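this one's sequence-less:
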């Protein structure tokens, strides 16, 4: 019988560290820095002891321990959200910086800014997406395909079949796992986090494809069988990035314990929108307390007018240029038989970095 990899053992040993800021996101960091974690929980391994993961809340540990494969699926979902966040913000001053500690995102989680709103939304979506996809693949015992969707009238255009992905179950699990810490308190921060968590889940539900397959004689489509499938996670990340750019600044109404737009002249946020309570810093300088690493040393586009242009990325501090010799294959020819001969060419490439 195989034994769990060292990464899980290290995870257990350090699970008691940084508990004040510990979070379930740490499962995603372990998964991203150790790709082999995806192979840790298999049918041949013993049940992973979620009770040892002190960076999870009590309710999260109980939920995680209900099935042998859940730690892997949750880890995949956490990693999915983190990596998508990094992709979407790669060319911004704040580039979704993470740390190899149990608080993962550092000081930015102490703020009530729109960057935190995106973190919560994409993370909640990542857990929902991973759970939903695993259900459809038959990797989890307590869920499967969405059979209720077959009750919807197709108006004779097609017949329901295949395995429609059960986003309802995925959303329910994500809500129980991700929202657990926020649901026990009634503060402005918890309401903001819960709002953005739900916005992330709604993004997954909205991004569904109808996948069809034709059946018939000689390739005809006399019978059309269709099922629902989630779009690729990249499109969900991009959708939430648009919501980030249009996020709503709100205020906390204490007597009613609710969030409300700060002015009637502003658009009223829907449950699909992201909300935040404080304006963001400029992220120009290194400020760990604010979750900012600054932009010193960041690569930029010399004459770019976008957010990745040196003027904006470097916050007016200027930039320096390096020149690298890039060696690559060129003038390749196929030689009978059977090889390809190439010359080696050298070209110079300029790269620009913030002062």
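Here it is on my side, so go on. What you see is a predicted model, and the numbers here were worked out from it, not measured in a lab.

Quick check: closest non-adjacent residue to residue 138.
Closest residue to residue 138 apart from its sequence neighbours, by Cβ to Cβ, 6 or more residues apart in numbering: residue 144 at 7.0 Å. (C-beta placed from N, C-alpha, C; glycine too.)

How far does the strand or helix carrying residue 123 sit from its chain's centre?
Using DSSP states H and E, residue 123 falls within helix 114-136. From the chain centre to the centre of helix 114-136 is a distance of 6 Å (Cα atoms, centre = their mean, to the nearest Å).

Check stretch 158-178 too.
In terms of Cα atoms, centre = their mean, the centre of stretch 158-178 is found 18 Å from the chain centre.

residue contacts, the residue nearest the centre of the chain?
The C-alpha lying nearest the average C-alpha coordinate of the chain belongs to residue 81 (Cα atoms, centre = their mean; 1.3 Å). Going by Cβ atoms under 8 Å, 6 or more residues apart in numbering, residue 81 touches 28, 122-127.

Now the phi/psi pair for residue 287, please.
When quoted as degrees, to the nearest 10, the phi and psi of residue 287 stand at phi -150, psi 90.

Residue 269 - nearest residue in space that isn't next to it in sequence?
residue 248 (3.8 Å).

and the one you found, how many neighbours?
The local packing of residue 248 (other Cβ atoms under 10 Å) involves 20 other residues.

Next, it: phi, psi?
Torsion angles at residue 248 (phi, psi; degrees, to the nearest 10) stand at phi -100, psi 130.

how far away is the closest residue in space to residue 266 that isn't next to it in sequence from residue 263?
Closest residue to residue 266 apart from its sequence neighbours, by Cβ to Cβ, 6+ apart: residue 248 at 6.8 Å. Distance from residue 248 to residue 263, counting by Cβ to Cβ, to the nearest Å: 11 Å.

can you check residue 180 too?
From residue 180 across to residue 263, the span is 33 Å (Cβ to Cβ).

So for the two, which residue has more residues nearby?
Applying other Cβ under 10 Å to residue 180 and residue 263 shows that residue 180 carries more neighbours, namely 17 against 9.

how close does the residue nearest to that one when sequence neighbours are not counted sit to residue 51?
Nearest non-adjacent residue to residue 180, counting by Cβ to Cβ, 6+ apart: residue 59, 4.5 Å away. Using Cβ to Cβ, one gets 12 Å for the distance from residue 59 to residue 51.

Same check on residue 274?
34 Å.

Kindly tell me how buried the residue nearest to residue 138 is, as a neighbour count.
Neighbour tally, residue 144, other Cβ under 10 Å: 14.

May I have the residues that are in contact with it?
Contacts of residue 144 (Cβ under 8 Å, 6+ apart): 135-136, 138, 163, 166.

Tell me if I am right that it is in a strand.
No: under DSSP: H, G, I helix; E, B strand; the rest coil, residue 144 sits outside any strand and is assigned coil.

Please verify my assumption that residue 191 contacts residue 251.
No: applying Cβ atoms under 8 Å as the test, residue 191 and residue 251 come out as separate, 11.0 Å apart.
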